[in-house]
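Visitor: Show me how the following folds:
(one chain, ligands or ions: 1)
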Amino acid sequence: MNLLVTAATALEIKPFQEYLAQSGPIPGVQIDILISGIGLMHTAWNLGRQLARQRPDVAIQAGIAGSFNHQWPLGQVVMVGREQLGDLGVDDAGTFRDLFEIGLWQQGQPPFAGTGLVNTFTGLPYVPELPVASSVSVQTVSGSAVSIERLQQYTPDVESMEGAAFHYGCLVEQVPFLQLRCISNYVEVRDKSKWNIPLAVKGLNEALIDVMKKMADNRR
Ligand SMILES: O=C(O)c1cccc(C(=O)CC[C@H]2O[C@@H](n3cnc4c(=O)[nH]cnc43)[C@H](O)[C@@H]2O)c1
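Guide: Presented below is the predicted three-dimensional model:
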């Protein structure tokens, strides 16, 4: 099995890489690591180049995220079922309208299902039993009541800056994929002191190692 593990920053998957360095090669599994950079543009370009070089059997994007859902504690790991683009559109005299609303994109145009980039989890050797989240990808981390209220139209559970690019690339290339996110903060009026990135990185990497091992076991 060729497994691609990608993250926006090296920090997010450092414990995973340390685990791999300690455990040595995993029989039957070749793992490529891609640090894609923060944001949709960097992720789209780096992922596209990587998929052209080496088509993986499975791709996993691992990252931290903000949560709209206060039922989930910081450190909760989720897998993303549906991605939407939260800020690609026009400012119509003070009202945000996305590309579907103004007719520049059509709902259901491949690889979209409606207005979402949906993971059916098909083709994965193992699907973890994690809460399934709806996600919105943004260029700017939401940090004001106005921007948070505007995103409610997408009924998101979580927010990241790379997820939609990852779903798009994997759907177009028909690579089975899994987006794992661990909650580092709530999406609320910005107060960085409430974020817990170390906790989220720890939870993310524990889940990532577990998923990688189970995928390897199921592929042998
Ligand atoms: O402002 C800072 O000092 C600062 C320090 C470290 C990290 C940040 C980020 O904004 C991290 C963005 C990064 O993490 C994902 N992420 C995490 N929480 C959120 C969120 O609430 N909304 C959107 N993205 C989030 C994101 O995918 C980026 O890769 C700031």
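
Visitor: so whatever residue of the chain ends up closest to the ligand bridges to which residues?
Guide: Going by Cβ to the nearest ligand atom, the ligand is nearest to Gly66 of the chain, at 2.0 Å. From N, CA and C alone the C-beta is placed, and that goes for glycine too. Here Gly66 sits in beta bridges with Glu159, Asn185, going by DSSP bridges.

Visitor: which element is Pro27 on?
Guide: Assessed by DSSP states H and E, Pro27 sits outside every helix and strand.

Visitor: Count the neighbours of it for me.
Guide: Look at Pro27: counted by other Cβ atoms under 10 Å, it has 7 neighbours.

Visitor: tell me the contacts of the residue of the chain closest to the ligand?
Guide: By Cβ atoms under 8 Å, 6 or more residues apart in numbering, the contact list for Gly66 reads 141-142, 158-160, 183-187.

Visitor: Buried among these? Need that as a selection in PyMOL.
Guide: Per 16 or more other Cβ atoms under 10 Å, the buried members of those correspond to this PyMOL selection:
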select buried, resi 142+158+159+160+183+184+185+186+187
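
Visitor: For this protein, which residues are neighbours of the ligand?
Guide: 8, 38, 63-66, 138, 141, 159-162, 184-185, 187, 192 (Cβ under 6 Å from any ligand atom).

Visitor: Quick one: residues contacting the residue lying closest to His70 once chain neighbours are set aside.
Guide: For His70, ignoring the flanking residues on the chain, the nearest one in space by Cβ to Cβ, 6 or more residues apart in numbering is Tyr186 at 6.3 Å. Going by Cβ under 8 Å, 6+ apart, Tyr186 touches 66-68, 70, 74, 194.
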